[in-house]
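Q: coords please:
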Amino acid sequence: MPVTLEGSCHCGTVRFTVESSTPVPYQLCVCSICRKVGGTGGSINLGAHSETLIITKGKEHIGVYKAVMDRDTPKEHIATSERNFCTKCSSMLWLYDETCDSIESWHQKHNKYVE
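A: So this is what the prediction gives:
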């Protein structure tokens, strides 16, 4: 049974709710992208049901970054995933990719390391 989670950026400008069947952090990602956006420790992730996401405050302050994959190689391309962040404090909020049904499948699709 999903649990409703409440989240926000660091400065509180963006606030949201979302339902999750895995409401505790369960994955440490240390791929090159997560290390750059989350620091040397990477990102700790949990899963959520994207269709339940409700932005309760600050929608106009959400920015989207699409990572460059395989940079400086013949395979370079823009990722299909969207990394949403607060434009005021730069806090990473969530990653969404309509082509993947889980964070694990995103990492498998892009051949990124997951612990």
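Q: Pretty sure residue 84 sits against residue 91.
A: No: Residue 84 is beyond contact range of residue 91, at 9.9 Å (criterion: CB atoms under 8 Å). (Each C-beta comes from the backbone N, C-alpha and C, glycine too.)
Q: From residue 1, how far off is the residue nearest the centre of the chain?
A: The chain has residue 95 as the residue nearest its centroid, 2.3 Å off, counting by CA atoms, centre = their mean. In this view, residue 95 and residue 1 are 24 Å apart by CB to CB, to the nearest Å.
Q: what residue ranges in this protein score low on pLDDT?
A: Where the chain drops to pLDDT under 70, the residues are 25-26, 101-115.
Q: Against the centre of it, work out the most remote residue.
A: residue 74 (26.1 Å).
Q: helix, strand or coil for that residue?
A: coil (DSSP: H, G, I helix; E, B strand; the rest coil).
Q: what about the helices in this protein?
A: Secondary structure of the chain (DSSP state H): helices at 32-38, 103-109.
Q: what does the first one rub up against?
A: Applying CB atoms under 8 Å, 6 or more residues apart in numbering, the set of residues contacting helix 32-38 from outside is 41, 42, 43, 65, 67, 83, 85, 92, 112.
Q: Can you add neighbour count and distance to residue 6 and give those back as CSV?
A: Shown next, in CSV, are these (neighbours: other CB atoms under 10 Å; distance: CB to CB, whole Å):
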residue, neighbour count, distance to residue 6
41, 10, 24
42, 21, 24
43, 20, 19
65, 15, 23
67, 20, 27
83, 20, 20
85, 20, 18
92, 16, 17
112, 15, 28
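Q: nearest to residue 24, of the residues you listed?
A: The nearest member of the contacts of helix 32-38 to residue 24, counting by CB to CB, is residue 43 at 14.9 Å.
Q: Skipping its backbone neighbours, what lies nearest that closest one in space?
A: residue 34 (4.0 Å; CB to CB, 6 or more residues apart in numbering).
Q: Perfect, that will be all.
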